[in-house]
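my questions concern the predicted model and sequence given below.
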Amino acid sequence: MSAFTALLTRDLRLAFRQGGDVANVVAFFALAVILFPFGVGPDPDLLARISAGVLWVTALLAALLSLERLFDADFQDGSLEALALMPVPLEIQVLAKCAAHWLTTGLPLTIVAPVLALVLHFDAAGYPALIAALLLGTPVLSLIGAIGAALTLGARRAGVLLSLLVLPLYIPVLIFGVAASEAAALGLESRPHLLLLAALFATSLALAPWAAAAALRQALE
Amino acid sequence: MGCGELQKSFAGEGLACRRGERRVFADVAFALGPGGALVLGGPNGSGKTSLLRLMAGLARPEQGDIAWDGTSITEDPAAHRGRLHYVGHQEAVKLALTAEENLAFWAQMRGATATAATALRHFRLEHRTTWPARYLSAGERKRLGLARLLASPAALWLLDEPTTSLDTDSIEILLAMIAEHRRGGGCIAVATHTAMPLPNAQTITLALSASGRPM
């Protein structure tokens, strides 16, 4: 087994064995979305209009919720130091950890989102675009989040610092994610927005592991 | 570097280390041949761990250089990481994984195919194989951390206080392992403040530097 799959399997195993983690993210997402009909009233037109935005903003916050534990547990128990001393480059390891993070947050969020879209009277025509946009956008959340999680490692009140650092960087994903989902619901072309999301994904896939690995080395020195 | 020193496989010269504003040590040198052992002594805070971290390449020395077979370890960090085992203060044990899973993971990360079973048996952990690590005692966790040394081969062992929370039997096992490793031509550097009887070992005793000395 290669080092990449070994680390990916370990992180998935830890996530499932410690339970809670995946359930927390999904539960937060569901509850936060369900609050909106209570907050703005049950008017179907109004809910349909804000539905894409609500889904994306809450998905963003749910992903943020789980970022803190991305490197922190390994940092606390000495695993991160040991990982940094493995022959395989730290960048590859960051990528493996991001993949595990996406499989335990981004993917469950994408699966639950269509159900929650129902609650918000999201237009049926928009579902394929919504799912495609989430599939392209949520990995970016994990990748950018990894930079933030690595930079705030060991800091006091890292959670607050992390959100201040990462949320502004999430804005492009939010804009194009919502645009793609809404365009399809309104019967417009969603392809350009999806392509821009794909570009964001490709860029962060190439850059984020380097940045996060550099930050981790700094934290370990 | 003189001709004699080129034959040494692991050597450092004129090493200085700084943590924040404080210079921890300066002008430290060592040279280990095949089978060589280095014992780092000195009071708490004298820089034993810092020196081990320099040797591992986790931190860069402020001055001086560390070389393997005459080549600086900064030239090919990946190759250096491939030839060393570093067991620090913390065991790097995941409490939710079983002892075997923990060990197998670290072996896989280093591309080793050997099973974890032998290494576990060596440290008398065979009856704990399927236990989640959270049920292991402090000494057993330490042994699990040390078992990594056997789960995949490496020429250089860097051990930071390896005898902490070990019982006398386990210390005997560890010493036997170290002797075996050295017979095979491996090098070892140990930071410890308890006496470790390693035959023909070099000793570096670090002194506590004046605290807060302005740089």
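Looks like it arrived, so ask away.

ok and the residue in chain A nearest chain B?
Scanning chain A for the residue nearest chain B gives A:G78, at 2.7 Å (criterion: C-beta to the nearest C-beta). Every C-beta, even on glycine, is put in place using the N, C-alpha and C of the backbone.

what about that residue? Give its phi and psi, please.
When quoted as degrees, to the nearest 10, the phi and psi of A:G78 stand at phi 90, psi 0.

got the contact list for it?
Contacts here follow C-beta atoms under 8 Å, 6 or more residues apart in numbering or on different chains; on that basis A:G78 touches B:G88, B:H89, B:Q90, B:E91, B:A92.

let's have those residues in CSV, adding neighbour count.
Listed next are the contacts of A:G78 as CSV, based on neighbours: other C-beta atoms under 10 Å in any protein chain shown:
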residue, neighbour count
B:G88, 22
B:H89, 12
B:Q90, 18
B:E91, 24
B:A92, 23
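
now do the SS call for the residue nearest to the spatial centre of chain A.
Closest to where the C-alpha atoms of chain A average out (C-alpha atoms, centre = their mean) is A:L141, at 3.7 Å. State at A:L141, reduced to three classes by DSSP: H, G, I helix; E, B strand; the rest coil: helix.

any idea of the pLDDT on it?
A:L141 is assigned a pLDDT of 97 by the prediction.

show me the contacts for the residue lying closest to B:A37 once chain neighbours are set aside.
Taking C-beta to C-beta, 6 or more residues apart in numbering or on different chains, and ignoring the residues beside it in sequence, B:A37 has B:A201 as its nearest neighbour in space, at 4.0 Å. By C-beta under 8 Å, 6+ apart, the contact set of B:A201 is B:A37, B:L38, B:V39.

between those, which is closest to chain A?
For those, the nearest to chain A is B:L38 (18.2 Å; C-beta to the nearest C-beta).

wait, a helix at the closest one?
No - counting by three-state DSSP, one finds B:L38 to be strand, located in no helix.

tell me who's in contact with it.
Residues in contact with B:L38 (C-beta under 8 Å, 6+ apart) are B:F30, B:L32, B:C187, B:I188, B:A189, B:V190, B:A201, B:Q202, B:T203, B:I204.

likewise for A:F201?
Counting by C-beta under 8 Å, 6+ apart, A:F201 makes contact with A:L136, A:G137, A:P139, A:V140, A:L143.

which one of the residues you listed sits closest to A:A30?
Nearest to A:A30, judged by C-beta to C-beta, of the contacts of A:F201 is A:G137 at 18.6 Å.

I figured the closest one hits A:F176, correct?
Yes - contact criterion C-beta atoms under 8 Å: A:G137 and A:F176 qualify, at 7.4 Å.

more neighbours: those two, which one.
Higher neighbour count among A:G137 and A:F176: A:G137, with 30 against 25, using other C-beta atoms under 10 Å in any protein chain shown.

any part of the helix or strand hosting the more buried one near chain B?
Assessed by DSSP states H and E, A:G137 sits inside helix A:127-151. No - residues of helix A:127-151 contacting chain B under C-beta under 8 Å from any C-beta of the partner chain: none, with a closest distance of 15.8 Å.

can you get me the centre-to-centre distance for that helix and its chain?
4 Å (C-alpha atoms, centre = their mean, to the nearest Å).

likewise for stretch B:112-119?
Computed by C-alpha atoms, centre = their mean, the chain-centroid distance of stretch B:112-119 equals 20 Å.

ok, stretch A:13-22 next?
Worked out by C-alpha atoms, centre = their mean, stretch A:13-22 lies 17 Å from the chain centre.

over to stretch A:23-38?
Worked out by C-alpha atoms, centre = their mean, stretch A:23-38 lies 15 Å from the chain centre.

ok, and what's touching it?
With C-beta under 8 Å, 6+ apart, stretch A:23-38 has contacts from A:47, A:50, A:54-55, A:58-59, A:61-63, A:65-66, A:104-105, A:108-109, A:112-113, A:116, A:119-120.

please flag which of the residues you listed sit within helices.
Mapping the contacts of stretch A:23-38 onto helices (DSSP state H) picks out A:47, A:50, A:54-55, A:58-59, A:61-63, A:65, A:108-109, A:112-113, A:116, A:119.

could you list the low-pLDDT ranges of the chain?
The chain I'm using is chain A. A:1 (pLDDT under 70).

chain B is the one I meant
For chain B (pLDDT under 70), the answer is B:1-8, B:114-115, B:210-215.
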